[in-house]
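*Asks:* Sharing a model that was predicted from the sequence below.
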Amino acid sequence: MKKLLKGLLSVLALALTVTAAGAFPDVSDDHWAASQIKMLTEQSVIVGYPDGTFRPDQNVTRAEFASMAIKALGQENTKVVQPVDFSDITKDYWAYDAIQKALYFELVSAPEEGEAFRPDDSVSRAESLAVAVNALTTEQISVQKAQEVLAKAYADAHTIPEWFVIPAGKAEILGMMVIMPSADKAKIEADRPATRAEVAAILFKMMEQAKLNPNAKLAEAMRKKTGEGFVVENATVQGSVGTIPAGSVVPVQLTKYISSQTSEPGELYMAIAAQNYVTKDKYILVNKGAALKGQLIDVRPGRWFVRNGVLVLENALITTNNDQTAVFNATSNIKKDRNWFMKFVRFCFKGEKLEVPAEGTVNLQLLKPITVDLTNGWIIEK
């Protein structure tokens, strides 16, 4: 059983290091939206179907798009105090919370009393692009300016709905307009249902722009989170991204007893981050309570006059408070803190026994850097 569990852990760690490139048989590497689909599937913003396909040309419902947009912005855990009532959505509807969050962050307009949301209708290109623009703080433009900008680039600019003229103009100015490659002159096709590939590209552009200029409510929610905890001295911060470099040492708390005398190589262990890992400026890199998993890779009992005990751990995975499981390669060679005299004694008279009690602390040294989105704690795997 231990060998089986060890194998499963190794397979899971390997699987998590493999990117989503080529994960979908119906999305080739040269598909026009391949890179956006890859990135969003890696972050679980969009997912494939049970048969392993992505179906890039299939439509997306309004409820699905609201859910995707909230995930893309990292706001799944936001609490909405005053929900808005729709005539066609009840609290037990699967996307109820996501739709309420989309309203709270002003991605979609609040309805008139009793108005329908139409959650199962296909989201149009105009609706999806408008949501992407609404996520941002943008400069105001006039209808005339928007029409001028759009007329220069799109053959059907004069046919788009009146409500969409300004959002479309802003999308064009910001480089957020998504147009599938075509031999014809580019068209906005505002009323056409958006495909899954188009939605991936639109959400990707929204995410990039929201990192720079989120709307007021998102800006507050997307603040880099701060707190007290264990300071990772050499951690770096660039924008909203923090990095714990390879070689950094972080403490973890084991959940069970291990010993050089009774444990065995290959034995699995679990641990938790007993405190936040933070930068010098108190930005949270890893939240308290994150779970770590690994195995003992070298265990040798201490024997009098033969050798001191050996106890070496290798960590493989971390599960964050976002329920994200990611690679966390680290190692720890358990040693006792000894003064110079005891070091001399143990050098001459071998036989030291090593043990760590349940809830005891072990220091892990990272073998590879860990990159974290400081606004939501998401580990960015490359």
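*Replies:* Ah, there it is. The structure displayed is predicted, hence computed values, not measured ones.
*Asks:* where exactly do the helices run in the stretch 101-250 of the chain?
*Replies:* Using DSSP state H, counting those that start in this stretch, the helices found in the stretch 101-250 of the chain span residues 125-134, 143-153, 165-173, 196-212, 216-221.
*Asks:* any chance of those helices in JSON lines, with mean pLDDT, distance to residue 188 and mean neighbour count too?
*Replies:* Yep, even glycine has a C-beta here, placed from its N, CA and C like the rest. Shown next, in JSON lines, are the helices of the stretch 101-250 of the chain (pLDDT from 0 to 100; distance: least, Cβ to Cβ, whole Å; neighbours: other Cβ atoms under 10 Å):
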{"stretch": "helix 125-134", "mean pLDDT": "97", "distance to residue 188": "7", "mean neighbour count": "24"}
{"stretch": "helix 143-153", "mean pLDDT": "96", "distance to residue 188": "7", "mean neighbour count": "15"}
{"stretch": "helix 165-173", "mean pLDDT": "97", "distance to residue 188": "6", "mean neighbour count": "23"}
{"stretch": "helix 196-212", "mean pLDDT": "94", "distance to residue 188": "12", "mean neighbour count": "22"}
{"stretch": "helix 216-221", "mean pLDDT": "90", "distance to residue 188": "25", "mean neighbour count": "15"}
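*Asks:* For residue 76, which of those helices is the nearest?
*Replies:* helix 216-221 (11.0 Å; Cβ to Cβ).
*Asks:* hmm, who's touching the closest one?
*Replies:* The contact list for helix 216-221 (Cβ atoms under 8 Å, 6 or more residues apart in numbering) reads 73, 75, 78, 104-106, 135, 137, 210, 375.
*Asks:* Show me the domain layout of this protein.
*Replies:* With domains defined by automatic domain parsing, the chain comprises 20-221, 230-379.
*Asks:* Any idea how far the first one is from the middle of the chain?
*Replies:* In terms of Cα atoms, centre = their mean, to the nearest Å, the centre of domain 20-221 is set 19 Å apart from its chain centre.
*Asks:* Next, the contact list for residue 201, please.
*Replies:* 33, 36, 178.
*Asks:* Can you tell me the closest non-neighbouring residue to the last one?
*Replies:* Spelled out, that is residue 178. In this structure, residue 178 finds its nearest non-sequential neighbour in residue 201, 4.5 Å apart by Cβ to Cβ, 6 or more residues apart in numbering.
*Asks:* Relative to residue 369, how far out is that neighbour?
*Replies:* As judged by Cβ to Cβ, to the nearest Å, residue 201 and residue 369 stand 29 Å apart.
*Asks:* now swap in residue 80 and tell me
*Replies:* Taking Cβ to Cβ as the measure, residue 80 falls 36 Å from residue 369.
*Asks:* Same check on residue 50?
*Replies:* If you go by Cβ to Cβ, the gap between residue 50 and residue 369 works out to 35 Å.
*Asks:* These two: who's more crowded?
*Replies:* residue 369 (15 against 6; other Cβ atoms under 10 Å).
*Asks:* can you pull the contacts of that one?
*Replies:* So residue 369 contacts 243-246 (Cβ under 8 Å, 6+ apart).
*Asks:* Could you save the residues you listed as JSON lines and add columns showing pLDDT, neighbour count and distance to residue 122?
*Replies:* Shown next, in JSON lines, are those (pLDDT from 0 to 100; neighbours: other Cβ atoms under 10 Å; distance: Cβ to Cβ, whole Å):
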{"residue": "243", "pLDDT": "96", "neighbour count": "19", "distance to residue 122": "40"}
{"residue": "244", "pLDDT": "97", "neighbour count": "24", "distance to residue 122": "43"}
{"residue": "245", "pLDDT": "97", "neighbour count": "14", "distance to residue 122": "46"}
{"residue": "246", "pLDDT": "97", "neighbour count": "13", "distance to residue 122": "46"}
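*Asks:* quick check, nearest of those to residue 290?
*Replies:* Closest approach to residue 290 among the contacts of residue 369 (Cβ to Cβ): residue 244, at 12.4 Å.
*Asks:* got a pLDDT number for residue 53?
*Replies:* You'll see residue 53 listed with a pLDDT of 95.
*Asks:* where's the residue nearest to it when sequence neighbours are not counted relative to residue 51, distance?
*Replies:* Once flanking residues are discounted, residue 53 sits nearest to residue 26: 4.8 Å by Cβ to Cβ, 6+ apart. Distance, residue 26 to residue 51, using Cβ to Cβ: 10 Å.
*Asks:* In terms of packing, which of those two has more residues around it?
*Replies:* Between residue 26 and residue 51, counting by other Cβ under 10 Å, residue 26 is the more crowded of the two (14 against 8).
*Asks:* close enough to count as contact, residue 371 and residue 239?
*Replies:* No: contact criterion Cβ atoms under 8 Å: residue 371 and residue 239 do not qualify, at 11.7 Å.
*Asks:* Same drill for those two, tell me which one is more crowded.
*Replies:* Neighbour totals were compared for residue 371 and residue 239, and residue 371 leads with 18 against 11 (other Cβ under 10 Å).
*Asks:* what's the nearest residue to residue 177 if we skip its chain neighbours?
*Replies:* What sits nearest to residue 177 in space, not counting adjacent residues and going by Cβ to Cβ, 6+ apart, is residue 171, at 4.8 Å.
*Asks:* What residues does the nearest residue to residue 143 once chain neighbours are set aside make contact with?
*Replies:* Distance criterion Cβ to Cβ, 6+ apart; nearest residue to residue 143, sequence neighbours excluded, is residue 165 at 5.6 Å. Contact partners of residue 165, counting by Cβ under 8 Å, 6+ apart, are 143, 146-147, 150.
*Asks:* Right, I'll call it a day here.
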